[in-house]
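In: sequence and predicted structure, then a few things I'm wondering about:
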Amino acid sequence: MYKIQLDHFEGPLDLLLFFIKRDEINIYDIPISKITKDFLEYVNLIQTLDLEVAGDFILMASTLMHIKVRLLLPKEVDAKGEEIDPRAELVQRLLEYKKYKEMSEELSFFESAQRKQFWRGNFNEDPKVAPPEYEILLKNVSVYDLAKVFKGIIQQVKKEVFHEIKRMPVSIEEQIDHIMTLLGKFKELHFLSIINEMREKIRIVVTFIALLELVKMGRIGIKESPDFNDFTVYALENGSNLQINN
Amino acid sequence: MEAIYKSIIEALIFASDEPIKPIEIIRVVQGIDGDEIEITPEDIDNCVNEINAALENERHSINIVRIADGYIFSTRQEYAKYLGYLSSEKSKRRLSQAALETLAIVAYKQPITKPELESIRGVNSDYTINTLLEKNLIAIAGRSETVGRPILYATTDEFLKYFGLNKISDLPKPREIEEIMQDEDFLEQKRKLLMSAVEEQMEAELEIEGENAPEA
């Protein structure tokens, strides 16, 4: 079995061309069975690495398998009675791709040459004044350029930020009354049982502040509960004493 | 055209920060000296050749190059080593293989839609197209009249500048598929294939004959 170097292939066609070159395959007589096998091995490999890229490769894998099946079936014949090679379309695509791959090498050559030429430059300081005539101003502008600029402006416009302030649904005074009413009925209360019925976070927070307020006023005392996540609240007879029991 | 215009053309090219097109030179000359001044793009091109010949003669390190249907002063390639040290702009990253491939296809098949491009490359090209659009190497050239009116892409002047080309037709012609088909190599392979097919058929016929032959 061949070991495939995990080179970076530009796509499934690039990979197929690599196999063709590596195995010195005649592009007009591709051994579909062998190349499908090699191709699938590679796809399995990249699938574990990069799912998005694998999509294009899986499409090609299915094309290869489709050709393989057609080769096994009785030969197809076109309108003129000539045999159709199920591989022909793929070969055409490979040749087309190869053509442009070769051209990209040419472009790369031009790129290298151009990098060696330095144009007269350093114009950064020159002020750019728009030409006075509108026709010249709009010379090379297409509707797409306008759309692009418009999109840019729209994105630049800062969004106005609004902060909405809601009135609290409860007040500390209300909660003080509520706690004192409860303490009128029960001798001691667990904090958790006080907030048990409350659904809004703000109500719980306000209730807690009300408790602290009551402790400060010396109207209630707080002591540790047997359950460490809770505490017990009890009313103090003498409203002036500040008393917190641990 | 009067000889004085050779110097004027030289000055205009020297002072231009972009490749200056012959039509712009004509506009300037006629704008200053009057519409009756006769000056053609051919005159300008001849002047540029003369200026370049003089620069070459005096062993100057600069010449005028033809880029994107315009003229600009440029240093000669042999000084790249020293200038590259000075300028960071040219030492920036080169285009990726994916970008070059995509540009090659757009350059030869423009205007082209994304689906056409992707069917040649065999891979999704959203990212590459966006990068090339951002770099202004390709631009939207309109919409195709086909179903869904997909966007058409074409190369830009920036593309010509990047690759140092005067016009798209300066690119070498790709080898045509027909040409590859006419390749001697290919003809040889085709002949071999035909031969083996004929041989197979003959063998098959012989076998049949052999089977049908009366046993002695």
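Out: Yep, that arrived.

In: so where do the strands sit in chain A?
Out: Remark: strands assigned in chain A by DSSP state E are A:76-77, A:83-84, A:188-190, A:220-224, A:231-235.

In: looking at those, which is nearest to chain B?
Out: Of all the strands of chain A, strand A:83-84 sits nearest to chain B, with 10.5 Å by C-beta to the nearest C-beta. Heads up, the C-betas are built off the backbone N, CA and C, glycines and all.

In: and the closest one, is it in reach of chain B?
Out: No - contact of strand A:83-84 with chain B (C-beta under 8 Å from any C-beta of the partner chain) is absent, the minimum separation being 10.5 Å.

In: need the pLDDT of the most centrally placed residue in chain B.
Out: Most central in chain B under C-alpha atoms, centre = their mean is B:L171, positioned 3.4 Å from the mean C-alpha point. In this prediction, B:L171 carries a pLDDT score of 84.

In: show me what contacts it?
Out: By C-beta atoms under 8 Å, 6 or more residues apart in numbering or on different chains, the residues touching B:L171 are A:M103, A:E106, A:L107, A:F110, B:A107, B:Y108, B:L165.

In: identify the residues contacting the third one.
Out: Listed by C-beta under 8 Å, 6+ apart, the contact partners of A:L107 are B:L100, B:L103, B:A104, B:A107, B:F163, B:L171.

In: wasn't the second one part of a strand?
Out: No - secondary structure of B:L103 (DSSP: H, G, I helix; E, B strand; the rest coil): helix, not part of a strand.

In: how many neighbouring residues does it have?
Out: 25 (other C-beta atoms under 10 Å in any protein chain shown).

In: which stretches of chain B have low pLDDT?
Out: Low-confidence regions of chain B, defined here as pLDDT under 70, cover residues B:87-92, B:175-216.

In: domain assignment for it?
Out: According to automatic domain parsing, chain B comprises the domains B:4-86, B:97-170, B:177-212.

In: now swap in chain A and tell me
Out: Described in terms of automatic domain parsing, the domain architecture of chain A consists of the residue ranges A:12-113, A:172-235.

In: pLDDT (mean, whole number) over the last one?
Out: The average pLDDT within domain A:172-235 is 85.

In: the first one now?
Out: Confidence for domain A:12-113, expressed as mean pLDDT, is 85.

In: any idea how far that domain is from the middle of the chain?
Out: Chain-centre distance of domain A:12-113: 32 Å, with C-alpha atoms, centre = their mean, to the nearest Å.

In: likewise for the last one?
Out: With C-alpha atoms, centre = their mean as the basis, domain A:172-235 stands 46 Å off its chain's centre.

In: straight-line length of it, end to end?
Out: 17 Å (C-alpha to C-alpha, to the nearest Å).

In: does chain A sit close to the helix or strand containing B:V29?
Out: Using DSSP states H and E, B:V29 falls within helix B:22-33. No - Helix B:22-33 stays clear of chain A (C-beta under 8 Å from any C-beta), getting no nearer than 9.0 Å.

In: could you pull out the buried residues of that helix?
Out: By neighbour count with 16 or more other C-beta atoms under 10 Å in any protein chain shown, helix B:22-33 contains the buried residues B:P22, B:E24, B:I25, B:I26, B:V29.

In: coming back round to it: just the buried ones from the contacts of B:L171, in PyMOL syntax?
Out: Here is the PyMOL command that selects the buried residues among those (16+ other C-beta under 10 Å):
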select buried, (chain A and resi 103+106+107+110) or (chain B and resi 107+108+165)
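
In: looking at the contacts of B:L171, which are in helices?
Out: The members of the contacts of B:L171 that map onto helices under DSSP state H are A:M103, A:E106, A:L107, A:F110, B:A107, B:Y108.

In: nearest to B:G84, of these?
Out: A:F110 (17.4 Å; C-beta to C-beta).
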